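Asker: any chance you could fold what I've pasted below:
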Amino acid sequence: MKLPGILSMIQLGSGLIFAIPLGIIGIEFLTNGRPVFGAGFLLVAAAMLLLPEYVARRVGSPREWVLGRLPFRRGD
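Answerer: Next comes the predicted model:
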């Protein structure tokens, strides 16, 4: 099993910085009787953590994506 690199740890940390407060707001809304907004905030918080990982695995890193679209010369 390959361990995560420093860049993926930084990405996860930056996502958590924004997702945790949003999740707390969602839980507050759920407990105060506003379930639609609470569930919405929790969904957005989960998407903030899961979507970048999904895109990185599906498309690849930005470097791989750019190199895959550049035309290469056969003589090089």
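
Asker: show me the contacts for the closest residue to residue 27 other than its chain neighbours.
Answerer: Once flanking residues are discounted, residue 27 sits nearest to residue 38: 6.8 Å by CB to CB, 6 or more residues apart in numbering. Using the backbone N, CA and C atoms, a C-beta is placed for each residue, glycine as well. Going by CB atoms under 8 Å, 6 or more residues apart in numbering, residue 38 touches 26-31.

Asker: ok, 7 Å please
Answerer: Residue 38 is in contact with 26-27, 29-30, counting by CB atoms under 7 Å, 6 or more residues apart in numbering.

Asker: just the buried residues of those residues.
Answerer: 26, 29-30 (16 or more other CB atoms under 10 Å).

Asker: looking at those residues, which is nearest residue 50?
Answerer: Ranked by distance to residue 50 (CB to CB), the buried ones among the contacts of residue 38 are led by residue 26 at 15.1 Å.

Asker: could you count how many residues lie near residue 19?
Answerer: 19 (other CB atoms under 10 Å).

Asker: any chance of the buried ones among the contacts of residue 38 in JSON lines, plus secondary structure, distance to residue 47 and pLDDT?
Answerer: Shown next, in JSON lines, are the buried ones among the contacts of residue 38 (DSSP: H, G, I helix; E, B strand; the rest coil; distance: CB to CB, whole Å; pLDDT from 0 to 100):
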{"residue": "26", "secondary structure": "helix", "distance to residue 47": "12", "pLDDT": "96"}
{"residue": "29", "secondary structure": "helix", "distance to residue 47": "17", "pLDDT": "96"}
{"residue": "30", "secondary structure": "helix", "distance to residue 47": "17", "pLDDT": "95"}
